[in-house]
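Asks: What would the 3D arrangement of this be:
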Amino acid sequence: MNASTARAGEYGSSAATMTIGEVLALLTHDFPDVTISKIRFLEDQGLVEPTRTPAGYRKFSADDVERLRYVLAAQRDHYLPLKIIREHLDALDRGLQPPPLPGSSPRAPEVVGPADVPGASRFDGRAARLRLTRSELLRESGVEAELLEALEGFGVLAPAPGGPWYDGEALEVLRAAAELAAHGIEARHLRMFRTAAEREVGLAEQIVAPLQRGRTAEASARVEETAREVSAACLRLHTALVASGLARLTS
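Replies: Numbers count the residues shown, from 1 in each chain. Next comes the predicted model:
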């Protein structure tokens, strides 16, 4: 999950390497009443999903431990039922700020921090991990549904693969389209941006295709790093060309 990972460094990497007994030992200091049976129960309720070895043994990651901490703290400190905790976890998993805890002013789940990440750091997957419903997308962007429908109609914007979610990139596309619409630029004019982006993606695919033949973790890392470098270069090139063109307009 995306939240409560600040302490993950205490347990090592996010790889699933811990046994249920090791997890219990980590949690006992803060939650003396927790037991292995309790952890198994929370797993049965779908609140944590450790991986399984071929022999069927549970293996927990640092993120799993933090997820359990969140559940146990919500039960102990706020007396929340599992149904509500599950809703909070769902919001966190989708990159949203969860609903308020008891005693706070009611509000809907909202995006945690700005979705835009300048430059090549946008390629780190954070925007893609964000999952918004259609109503959440409209609320976060402050845009009317008519513009969203127009963008979808012209193929500029679409739900994430496997929908019906929209990711952080869709949010940024909608916000940018709204800014351009204020200058009289309609959704139909933005199709060229989608076409240009698809060509850049195609170029990146040609470059990383030979690297994707490897099945090792090292090969996957090389694919990711190469794609990141190509993405950054494309962004720099695009920015430079636009800046050059604007300079001619104002000279």
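Asks: What is the burial count for residue 67?
Replies: A count of neighbours around residue 67, defined by other C-beta atoms under 10 Å, yields 24. The way it works is simple: take the backbone N, C-alpha and C, and place the C-beta from them, glycine included.
Asks: shouldn't it be in contact with residue 88?
Replies: No - contact criterion C-beta atoms under 8 Å: residue 67 and residue 88 do not qualify, at 10.8 Å.
Asks: And stretch 169-184, what's buried?
Replies: 169-175, 177-178, 181 (16 or more other C-beta atoms under 10 Å).
Asks: how close does residue 65 get to residue 247?
Replies: Distance check for residue 65 against residue 247: by C-beta to C-beta, to the nearest Å, it reads 53 Å.
Asks: quick one: which of the two has more around it?
Replies: Neighbour totals were compared for residue 65 and residue 247, and residue 65 leads with 23 against 9 (other C-beta under 10 Å).
Asks: what helix or strand is that one on?
Replies: Element membership of residue 65 [criterion: DSSP states H and E] is helix 62-78.
Asks: For that helix, name the packing helices and strands.
Replies: Other elements packing on helix 62-78 under the criterion 3 or more C-beta pairs under 8 Å, 6 or more residues apart in numbering; DSSP states H and E are helix 20-28, helix 36-44, helix 82-93.
Asks: Now do it, average pLDDT.
Replies: Helix 62-78 carries an average pLDDT of 91.
Asks: if we can go back for a sec, closest one to residue 240 among the helices and strands packed on helix 62-78?
Replies: Among the helices and strands packed on helix 62-78, helix 82-93 comes nearest to residue 240, with 37.9 Å by C-beta to C-beta.
Asks: give me the number of residues near residue 213?
Replies: When neighbours are defined as other C-beta under 10 Å, residue 213 has 8 of them.
Asks: For it, give me its contacts.
Replies: Listed by C-beta atoms under 8 Å, 6 or more residues apart in numbering, the contact set of residue 213 reads residue 219.
Asks: what's the answer for residue 24, then?
Replies: Per C-beta under 8 Å, 6+ apart, neighbours of residue 24: 34-36, 39.
Asks: Point out where the protein drops to low pLDDT.
Replies: Applying pLDDT under 70 to the chain flags the ranges 1-14, 101-129.
Asks: roughly how far out does the lengthiest helix in it sit from the chain middle?
Replies: Criterion DSSP state H: the longest helix present in the chain is helix 217-250. Its chain's average C-alpha position is 22 Å from that of helix 217-250, according to C-alpha atoms, centre = their mean, to the nearest Å.
Asks: Name the residues of it that come out as buried.
Replies: Neighbour-count burial for helix 217-250 flags 223, 226-228, 230-231, 234-235 (criterion: 16+ other C-beta under 10 Å).
Asks: For residue 206, which of the helices and strands packed on helix 62-78 is the nearest?
Replies: helix 82-93 (33.7 Å).
Asks: tell me the phi and psi of residue 52?
Replies: Main-chain dihedrals, residue 52, degrees, to the nearest 10: phi -130, psi 140.
Asks: OK, contacts around the spatially closest residue to residue 219 that is not a sequence neighbour?
Replies: Nearest residue to residue 219, sequence neighbours excluded (C-beta to C-beta, 6 or more residues apart in numbering): residue 211, at 6.4 Å. With contact taken as C-beta under 8 Å, 6+ apart, residue 211 is in contact with 219, 222-223, 226.
Asks: run the last query once more with 10 Å
Replies: 219-227 (C-beta atoms under 10 Å, 6 or more residues apart in numbering).
Asks: Tabulate those in JSON lines, adding columns for distance to residue 146.
Replies: Converted to JSON lines, the contacts of residue 211 look like this (distance: C-beta to C-beta, whole Å):
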{"residue": "219", "distance to residue 146": "46"}
{"residue": "220", "distance to residue 146": "42"}
{"residue": "221", "distance to residue 146": "43"}
{"residue": "222", "distance to residue 146": "44"}
{"residue": "223", "distance to residue 146": "40"}
{"residue": "224", "distance to residue 146": "38"}
{"residue": "225", "distance to residue 146": "41"}
{"residue": "226", "distance to residue 146": "40"}
{"residue": "227", "distance to residue 146": "35"}
